[in-house]
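**Q** Sequence first, then the predicted structure, then my questions.
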Amino acid sequence: MIRIGNASGFYGDRFDAVREMLTDGGPEGALDVLTGDYLAELTMLILGRDQLKDPAAGYAKTFLRQMEECLGLAHERGVRIVTNAGGLNPAGLADALRTLAAGLGLPTRIAHVEGDRLPARDGALTVNAYLGGAGIAACLAAGADVVVTGRVTDAALVTGPAQWHFGWGPEAYDELAGAVVAGHVLECGTQATGGNYAFFRGRDVRRPGFPIAELHADGSAVITKHPGTGGFVDTGTVTAQLLYETAGARYPGPDVTARLDTVRLDQEGPDRVRITGVRGEAPPPTLKAGLSRLGGFRNEVVFVLTGLDVEAKAALVRQQVHEALDKNPPAGIRWELARTDHPDAPTEETASALLRLVVRDPDPGKVGRALTGAAVELALASYPGFHVTAPPGKGAPYGVFETAYVPAADVPHTAVLPDGTRREVPVPPRTREPEPVPEPDLPPPLPEGPTRRVPLGLVAGARSGDKGGDANVGVWARTDEEWRWLAHALTVERFRALLPETAGLAVTRHVLTNLRALNFTVVGILGEGVASQARFDPQAKALGEWLRSRHADVPVSLLEEQQ
C-alpha cells in the first residue's frame, strides 16, 4: 500500500495545509507521498503574464514559501513531495528548491519533468500539453525526494507515485485507472472532505482536513483523512468529486482511459470510502493541450436601482449609455439585471436591484475612458436614486482558453533526474480512440403516486465546474429509490426547462448507474472560458446549486422517506 495525501487544490489554497498534512497524522499516520495541485486554466494565463514581466518567473511562488517552512519536516518524516507548481518553468522552480535545500542544510534530491510546453501558435501566450505520470515515476525511481512538474493531468500526481511504488507497466490498465480515479478525488483537496458539498448542513465543515488515498497494488483505494481534522468523508463527498469536471463513462487521459461507469463506492467506516472495480482501457493517441491568450480588454460598471420602477429605470439608463457609446461602440456590450430587490424592504440595500454592464474590445480605449465618461456623466441626469457600486476605471485585459489535441509522439515528455540525467519517457505502446459508451438500462421507475412541488435539491445533490467554455453539472441521488425517480425525471429536456440559460446550447446527458448519477455537459455556456469572464459565474461553480434550487414535482414517498 502507498499512502498519498494532497495539500493543495489550486494556486491560493490554504497555506498551512502542507504542514498540517505532514504533522496531523502523527508518526503512525505518516504519508509516503504528499502532492500539491496548483494549476488550472486561469492559473496558466496568470503565470504566462508573470513570465512576460520576468522570464525567470512562471511557477507558483506560494509552494516555494511553503517549502521554506516544511522541506525539513518532509525530510525528517521521509515523505516525498510531488507537485505541478512548476507551471511554465519547472526547471526554474527545481533550481530554486535546490538553493533553498542547500541553505537549510538538507540533502534533498530534486528532479523535474518537462516537455509539456509547446511552441506558441495562433497568438497564444501559453500552450501546454497535459502529460501523464510516467515522468514522475521515473524521477521517483531515480531517488528524487521532490518532483516538480509543469502541466500534467491532475490525476498524474497520483498515477506517477503509484506506478513507481507498485512497478506497474504502461498496460496495467485497470490498476492505472484505479489510480486515476483516486487522483481525481484528491486533486481538489477539501472538495473530497466536505468542502463545497451540497448536503453540508448538520456537518462541521468550517475547516475540512485534506484528503488521503490509501492505494493498493490492484488499483483499489480508500479515501480518508487524518483523524481529528475537520470535515468528513463519505460516499456522497467522493461521488460529488468524481462528477466534478468530468463527463461520460470514458475518462481519457495520457496514462489510461478510466471507465467511470465501473467505479464502486462503499462506506468502509467513519471517514473511509473504499473505491473498487475500476476498469481501464488503452489511452488515446493524442494529448489534450491548453492554449491561453489575451483576448482583449474589458470593463464593467454596476448601476444600483432602488425601490420602485426597477425595469423602467434599467431601460432608461441602458438607452442613455448606448447613445453615449454609439459614436465609437465597443465590440461587445452585455447587460444583466439581477432582481435582488424586495418589496417593502427594511433596508435600502435589500430594496435595490443591480444592473451590470460589461464591455469588451481589443482597444483598451473603447472600454476605458469612453465607458467612464458614459457612466459618470449620467450621475445627475438619469433615473432617480442613481448611483453605482464603484466608478469604472481603466479597461483590464482578459484571457481566452482554448483546447487542442496533439499526437502524443510529438510531445517530448522528459524526466530530468536528480543528477541532471535527462530520460525520455516513451509513449504508450498501445492506444485507443475513446468512443461513447451505450447508455445503460435505467432502473425501474417508481410507481405512480402523489407528488409535491419542492426544490430538486431536497432529493438530489449536485456539483458543477468548467472545462474551457463548457460546463458540467453532475447530479446524484443518495438512495436507490431517489435514483429510480431521478434517472427518469431529469431528462435533457427537463434540465433545459429548469436552467433556461442553457436554451440553444448543446446539452448531453451521461448516465453513471453505479454512482446513481447523471452528468450533464453544457457546451459554450462559459463563452471563451473562465479568464474571459463572460458570465456572472465564470467557472460554473454554482450552476449545480441553481439547479438544486429549482422546483420540481417530487414523489411524496421520497420526501416522507427523508423525514
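**A** Nice, I can see it. Numbers count the residues shown, from 1 in each chain.
**Q** for the stretch 1-150 of the chain, what spans make up the strands?
**A** Remark: strands assigned in the stretch 1-150 of the chain by DSSP state E, counting those that start in this stretch are 2-6, 33-36, 80-83, 110-114, 126-129, 146-148.
**Q** possible to save these as a markdown table with mean pLDDT and distance to A182?
**A** All C-beta spots, glycine's among them, are computed from the backbone N, C-alpha and C. Formatted as a markdown table, these follow (pLDDT from 0 to 100; distance: least, Cβ to Cβ, whole Å):
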| stretch | mean pLDDT | distance to A182 |
| --- | --- | --- |
| strand 2-6 | 98 | 8 |
| strand 33-36 | 98 | 11 |
| strand 80-83 | 98 | 14 |
| strand 110-114 | 98 | 20 |
| strand 126-129 | 97 | 23 |
| strand 146-148 | 98 | 18 |
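**Q** Give me the buried positions along stretch 433-451.
**A** 443, 446, 451 (16 or more other Cβ atoms under 10 Å).
**Q** Can you say which of the strands of the stretch 1-150 of the chain is packed in most?
**A** Ranked by average neighbour count under the criterion mean count of other Cβ atoms under 10 Å, those are headed by strand 146-148 at a mean of 31.
**Q** So what touches that one?
**A** Residues outside strand 146-148 that contact it (Cβ atoms under 8 Å, 6 or more residues apart in numbering) are 59, 67, 71, 74, 80-86, 90, 93-94, 97, 108-113, 136, 139-140, 160.
**Q** Return the closest of the buried residues of stretch 433-451 with respect to A182.
**A** Nearest to A182 among these is P443, at 27.2 Å by Cβ to Cβ.
**Q** Could you measure from the closest one over to V475?
**A** When distance is defined by Cβ to Cβ, to the nearest Å, P443 is 15 Å away from V475.
**Q** Go through this structure and flag its longest strand.
**A** In the chain, with assignment by DSSP state E, the single longest strand is strand 286-306.
**Q** centre of the chain versus that one, how much separation?
**A** The chain centroid and the centroid of strand 286-306 are separated by 17 Å under Cα atoms, centre = their mean, to the nearest Å.
**Q** Give me the helices and strands touching it, please.
**A** Other elements packing on strand 286-306 under the criterion 3 or more Cβ pairs under 8 Å, 6 or more residues apart in numbering; DSSP states H and E are helix 41-53, strand 126-129, helix 310-325, strand 352-361, helix 364-367, helix 369-376, strand 387-388, strand 396-407.
**Q** Walk me through which strands the shortest one pairs with, and which way each runs.
**A** So the one you mean is strand 387-388. Sheet pairing for strand 387-388, assigned by DSSP bridges, gives strand 286-306 (antiparallel).
**Q** Helix 310-325 and the longest strand of the chain, what's the angle between them?
**A** Interaxial angle, strand 286-306 versus helix 310-325 (axes from the mean of the first three to the mean of the last three Cα atoms, to 10 degrees): 110 degrees.
**Q** what is the mean pLDDT for strand 286-306?
**A** For strand 286-306, the mean per-residue pLDDT is 95.
**Q** can you check stretch 438-451 too?
**A** On average, the pLDDT along stretch 438-451 is 95.
**Q** among the strands of the stretch 1-150 of the chain, which is nearest T286?
**A** Here strand 126-129 is closest among these (Cβ to Cβ), at 9.3 Å.
**Q** what comes into contact with stretch 232-240?
**A** Counting by Cβ under 8 Å, 6+ apart, 185, 191-194, 196-199, 203-205, 208, 211, 223-225, 265-267, 271-273, 275, 461, 463, 474, 476, 478, 515-517 sit against stretch 232-240.
**Q** Derive a ChimeraX selection command for the buried subset of these.
**A** Buried members of those, defined by 16+ other Cβ under 10 Å, are picked up in ChimeraX with:
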select :185,191,192,193,194,196,197,198,205,208,211,223,224,225,265,271,273,275,461,463,474,476,478,515,516,517
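**Q** Which parts of the stretch 201-350 of the chain are strands?
**A** Along the stretch 201-350 of the chain, counting by DSSP E, counting those that start in this stretch, strands occupy 211-215, 221-225, 250-251, 257-259, 264-269, 272-276, 279-281, 286-306, 332-338.
**Q** now do the stretch 401-550 of the chain
**A** Counting by DSSP E, counting those that start in this stretch, one finds strands in the stretch 401-550 of the chain at the ranges 414-416, 422-424, 451-455, 461-467, 470-476, 507-512, 517-522.
**Q** Apart from its chain neighbours, what residue comes closest to R535?
**A** In this structure, R535 finds its nearest non-sequential neighbour in L526, 5.8 Å apart by Cβ to Cβ, 6 or more residues apart in numbering.
**Q** no wait, A503
**A** R496 (6.3 Å).
**Q** contacting residues for the one you found?
**A** 502-503, 507.
**Q** Out of those residues, grab the one that's most surrounded.
**A** With neighbours defined as other Cβ atoms under 10 Å, the most crowded of those is T502; it has 22 neighbours.
**Q** looking at the helices and strands packed on strand 286-306, which has the lowest confidence?
**A** Lowest mean pLDDT within these: helix 369-376, at a mean of 89.
**Q** As PDB, could you dump the C-alpha coordinates of it?
**A** Extracted C-alpha coordinates of helix 369-376, given in PDB (Å, rounded to 0.1, in the frame of the first residue of the first chain):
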ATOM      1  CA  ARG A 369     -12.300  56.500 -20.700                       C
ATOM      2  CA  ALA A 370     -15.200  56.100 -23.100                       C
ATOM      3  CA  LEU A 371     -17.200  54.000 -20.600                       C
ATOM      4  CA  THR A 372     -16.100  56.100 -17.600                       C
ATOM      5  CA  GLY A 373     -17.500  59.200 -19.300                       C
ATOM      6  CA  ALA A 374     -20.700  57.500 -20.400                       C
ATOM      7  CA  ALA A 375     -21.400  56.200 -16.900                       C
ATOM      8  CA  VAL A 376     -20.200  59.100 -14.700                       C
END
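**Q** tell me the contacts of the residue nearest to P329 when sequence neighbours are not counted?
**A** Excluding its sequence neighbours, the residue lying closest to P329 (Cβ to Cβ, 6+ apart) is K366, at 7.6 Å. Residues in contact with K366, defined by Cβ under 8 Å, 6+ apart, are 297, 328-331, 359, 395.
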